[in-house]
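S.K.: I would like to see how this sequence folds:
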Amino acid sequence: MPLLLATFSVCLFVFLMQFLWKYVDDMVGKGAEMKVLAEFFFYAAVYLVPMALPVAILFASLMTFGNLGEYLELLAMKSSGISLIRIMKPLIILVVFISGVAFVFQNNILPGTQAKLWTIAISLRMKSPELDIPERSFYKDIPGYNVFVRHKNKTGLLLDVMVYDHSKGFDNAEVLRSDSGRMKMSDDKKHLILTLYNGTSFQNIGASRSRLNQNQNQIPFQRQTFTLRDFLIEFDSNFNMADKSIMQNRDISKNIPELRSFIRTASAEDDSLAQTIRPVLITQVYTSAFKQKQSSPASRHLQTDTTADVTNFELLYKNLPLDRQIQVLADAKLRTERIMNDFSNWMNTQSMKQKEIRGHKIELHRKFTYSLACLLFFFIGAPLGAIIRKGGLGWPAILSVFLFIVYYTIDTFGWKMARQESWPVWEGMWLSSLFLASLGVFLTYKAVNDSVVMNPDTWKETLQQIFGKREIRNYARKEVIMNLPNYPEAIRLMEQWNEETNLYLEQKQKIPFYGSFRKQNFPDEQLNSLLNFMNQWIEDLLNSDENLIIGKLMDYPVISPHRFYIMNFLKQKQTNNDLRITMKVNDEICKELKNLKLDCSHNPEK
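M.R.: Reported below is the predicted structural model:
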């Protein structure tokens, strides 16, 4: 529990900093009170609890079982006949309880918290920025005004001020230039008082272009000089909380009964809307489109509301007068545009209704998936910690971050597919839970069966064999030797092995294609036969009492055949080189045996 609380605090702090960094532009420079910011931070922390809690459980379970495995406590319990599931049973009960509490929290507390959080966020976004005019750049945050100040002294006096006033429209814009000025807020913080000293103003006088002489591009203006001029500008710098009702009908502010009630009601409205639109659309497109107006004498003999006349439409159209043809085409165009507009409006209405239904369904499924994630992350963290047997902040921190990134990516992908209606809502929202459940079952099975597949030390040794350092033979002279080696037989075996290896290397000059590789029996039976053959005289020569022979045996490289085509492709050249080195060592050992004039009769007494 202390570890869980510590990891939860760290995860919540990290998520909170990320959230605040995302919305820092809405808070900085607004002059909001500390009380408002404190409420915003508090509600943001509560909002991020469902995301931080599963990661904290994963991190804590990894560290707990990693420490138990590192200090051999898991091994001691297993040797006493206690299975891993029985060891995990108390924590499973605890995590199930935490998942239940998380579900209740999401259903009862989180909706109100989210409504308050986003209400404050909208209010901060709508608040006017704090007045802070920079030097040597235009300040555009005052509605209807652009202000340029070249320099500000310590007393707050503005020097070399230029004001561009377009509050009355760009056609009546006014430009003011003054030597100095001051700007301050009114006592009620709803107005801005701008005082300018010793300046000139230029303003359009609004004359119509018809009165202009000669050049039509010239616009008359009025120039005035002043020693003192005051402006009263509306600029509300108070923080005004937005109406709470703007978030009441949103999906994030509803609990499960409210979500289900809205989904049922909205689905019924959507169905009734479709049933209402369909007959109206059929009537407008098909029925009324074939009706003939009996306005002209030439068409009175035509029957109305029949489609039989449409077959001779081209003939009837050509027999009409020209003005009548134009009228028919204009009427058809207007009717088509009216039908298209009506259809677009109905489609937009139905699309918005379906979007609201999808949003409520997504929020409904999310209340279950986030709570279930707590339990699933435990069944990932606990078995994985028992497998890797590493505690502390090293491997657990790396694996926790990696697994959460994968989970968050899959969850975001499923959420977007559900929101865009590319997938059914339940498929998109439960995709991440399916991934966690599959991974948890796999890791639990491996941990219960004491599998070393996921052990990092096993992977480290495998990677070292493939890409890292080579294994080195390490032999020492035996203290007691029962039987001396059969040196002549060893020489014969080495010479025979060299001949067979030469034949093998001639066949392996080129790496086979994948098709021919599949047809062969791999691992390479011929190579395995050579390696087993080599072990015969090595085991025999290890009984030698000559230190020189024992030292030469350590010069043999360790050769490991590979089962996979890619590894065989990468390591075939190295394997061939190792075989040539082995042949060279064989020649050296044979030469040393002959130079030492050892007893070739293999006399055990000697």
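
S.K.: in what helix or strand does the residue most central in space within the chain lie?
M.R.: By Cα atoms, centre = their mean, the mean C-alpha position of the chain lies nearest to T409, the distance being 3.6 Å. Using DSSP states H and E, the element containing T409 is helix 395-419.

S.K.: Around Q224, how many other residues sit close by?
M.R.: By the criterion of other Cβ atoms under 10 Å, Q224 has 12 neighbours. For every residue, glycine as well, the C-beta is placed using N, CA and C.

S.K.: and what of E363?
M.R.: E363 - counted by other Cβ under 10 Å - has 23 other residues nearby.

S.K.: give me every residue that touches it.
M.R.: 251-252, 254, 259 (Cβ atoms under 8 Å, 6 or more residues apart in numbering).

S.K.: Please produce JSON lines containing these, extended by secondary structure, distance to G551 and neighbour count.
M.R.: Output for the contacts of E363, formatted as JSON lines (DSSP: H, G, I helix; E, B strand; the rest coil; distance: Cβ to Cβ, whole Å; neighbours: other Cβ atoms under 10 Å):
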{"residue": "D251", "secondary structure": "helix", "distance to G551": "78", "neighbour count": "21"}
{"residue": "I252", "secondary structure": "helix", "distance to G551": "76", "neighbour count": "17"}
{"residue": "K254", "secondary structure": "coil", "distance to G551": "81", "neighbour count": "21"}
{"residue": "L259", "secondary structure": "helix", "distance to G551": "79", "neighbour count": "21"}
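
S.K.: quick one: which of those residues is nearest V161?
M.R.: For the contacts of E363, the closest approach to V161 (Cβ to Cβ) belongs to I252, at 46.6 Å.

S.K.: Once you drop chain neighbours, what's closest to that closest one?
M.R.: Spatially, and ignoring its direct neighbours in sequence, I252 is nearest to Q114 (4.4 Å; Cβ to Cβ, 6 or more residues apart in numbering).

S.K.: ok, that neighbour to R419 distance?
M.R.: Distance, Q114 to R419, by Cβ to Cβ, to the nearest Å: 17 Å.

S.K.: These two: which has the busier surroundings?
M.R.: Taking neighbours as other Cβ under 10 Å, Q114 and R419 compare with Q114 leading, 20 against 16.

S.K.: Quick one: list the elements packing against the host helix or strand of the more buried one.
M.R.: Using DSSP H and E, Q114 maps to helix 110-126. If you count contacts as 3 or more Cβ pairs under 8 Å, 6 or more residues apart in numbering; DSSP states H and E, helix 110-126 packs onto helix 34-47.

S.K.: Pull out the buried residues from the helix it packs on.
M.R.: Of all the residues in helix 34-47, those buried under the rule 16 or more other Cβ atoms under 10 Å are 36, 40-41, 43-47.

S.K.: As a check, name the ranges of all helices in the stretch 151-300 of the chain.
M.R.: For the stretch 151-300 of the chain, the helices defined by DSSP state H, counting those that start in this stretch occupy 256-282.

S.K.: ok so, going back, biggest separation within the contacts of E363, which pair?
M.R.: Distance extremes for the contacts of E363: the farthest pair is I252 and L259 at 10.1 Å, using Cβ to Cβ.

S.K.: and F59, what does it touch?
M.R.: With contact taken as Cβ under 8 Å, 6+ apart, F59 is in contact with 7, 11, 381, 396-397, 400.

S.K.: do that again at 7 Å, thanks
M.R.: If you count contacts by Cβ atoms under 7 Å, 6 or more residues apart in numbering, F59 has them with 7, 396, 400.

S.K.: What sits closest to Y197 if chain neighbours are left out?
M.R.: Excluding the flanking residues, the one nearest Y197 by Cβ to Cβ, 6+ apart is S180, at 4.9 Å.

S.K.: what sits against G428?
M.R.: 414-415, 417-418.

S.K.: what's the spacing between the closest residue to it other than its chain neighbours and K355?
M.R.: Among residues not flanking G428 along the chain, A418 sits closest, at 3.0 Å (Cβ to Cβ, 6+ apart). Distance of A418 to K355, given as Cβ to Cβ: 12 Å.

S.K.: Looking at those two, which one has more neighbours?
M.R.: Each of A418 and K355 has its neighbours counted (other Cβ under 10 Å); A418 has more, 23 against 12.

S.K.: OK, contacts around that one?
M.R.: Neighbours of A418 in contact, by Cβ under 7 Å, 6+ apart: 358, 362, 425, 428-429.

S.K.: Could you export these as a markdown table, including pLDDT and secondary structure?
M.R.: Formatted as a markdown table, the contacts of A418 follow (pLDDT from 0 to 100; DSSP: H, G, I helix; E, B strand; the rest coil):
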| residue | pLDDT | secondary structure |
| --- | --- | --- |
| R358 | 90 | helix |
| I362 | 92 | helix |
| V425 | 90 | helix |
| G428 | 91 | helix |
| M429 | 92 | helix |
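
S.K.: what about E135, which SS state?
M.R.: Recorded secondary structure, E135: coil (DSSP: H, G, I helix; E, B strand; the rest coil).

S.K.: Phi, psi for it please.
M.R.: When read as degrees, to the nearest 10, the backbone of E135 gives phi -90, psi 140.

S.K.: rewinding a little: where's the dip in pLDDT among the contacts of F59?
M.R.: Within the set of these, pLDDT is lowest for P396 (81).

S.K.: wait, it sits on M63?
M.R.: Yes. Taking Cβ atoms under 7 Å as the definition, P396 is a contact partner of M63 at 4.6 Å.

S.K.: Run through the helices of the stretch 1-150 of the chain in chain order.
M.R.: Under DSSP H, counting those that start in this stretch, the stretch 1-150 of the chain gives helices at 2-22, 34-47, 49-70, 73-79, 84-104, 110-126.

S.K.: most neighbours per residue, which of those helices?
M.R.: With neighbours taken as mean count of other Cβ atoms under 10 Å, the helices of the stretch 1-150 of the chain reach their highest mean count in helix 49-70, at a mean of 24.

S.K.: so it versus helix 2-22, what angle?
M.R.: For helix 49-70 against helix 2-22, the angle by axes from the mean of the first three to the mean of the last three Cα atoms, to 10 degrees is 140 degrees.

S.K.: pLDDT averaged over helix 49-70, what's the number?
M.R.: So the average pLDDT for helix 49-70 ends up being 91.

S.K.: any low-confidence regions in the stretch 301-450 of the chain?
M.R.: Applying pLDDT under 70 to the stretch 301-450 of the chain flags the ranges 301-313.

S.K.: All the helices of it, residue numbers only.
M.R.: 313-319, 322-388, 395-419, 425-448.

S.K.: Same check on the stretch 501-606 of the chain?
M.R.: Remark: helices assigned in the stretch 501-606 of the chain by DSSP H, counting those that start in this stretch are 514-519, 525-541, 547-553, 565-595.

S.K.: CSV please, covering these and showing mean neighbour count and distance to L72.
M.R.: Listed next are the helices of the stretch 501-606 of the chain as CSV, based on neighbours: other Cβ atoms under 10 Å; distance: least, Cβ to Cβ, whole Å:
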stretch, mean neighbour count, distance to L72
helix 514-519, 10, 44
helix 525-541, 15, 35
helix 547-553, 16, 36
helix 565-595, 15, 34
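
S.K.: Columns mean pLDDT and distance to T155 on top of the ones you listed, output as JSON lines?
M.R.: JSON lines is the format used below for the helices of the stretch 501-606 of the chain (pLDDT from 0 to 100; distance: least, Cβ to Cβ, whole Å):
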{"stretch": "helix 514-519", "mean pLDDT": "50", "distance to T155": "83"}
{"stretch": "helix 525-541", "mean pLDDT": "85", "distance to T155": "90"}
{"stretch": "helix 547-553", "mean pLDDT": "86", "distance to T155": "91"}
{"stretch": "helix 565-595", "mean pLDDT": "79", "distance to T155": "75"}
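
S.K.: That concludes my questions; thank you for your assistance.
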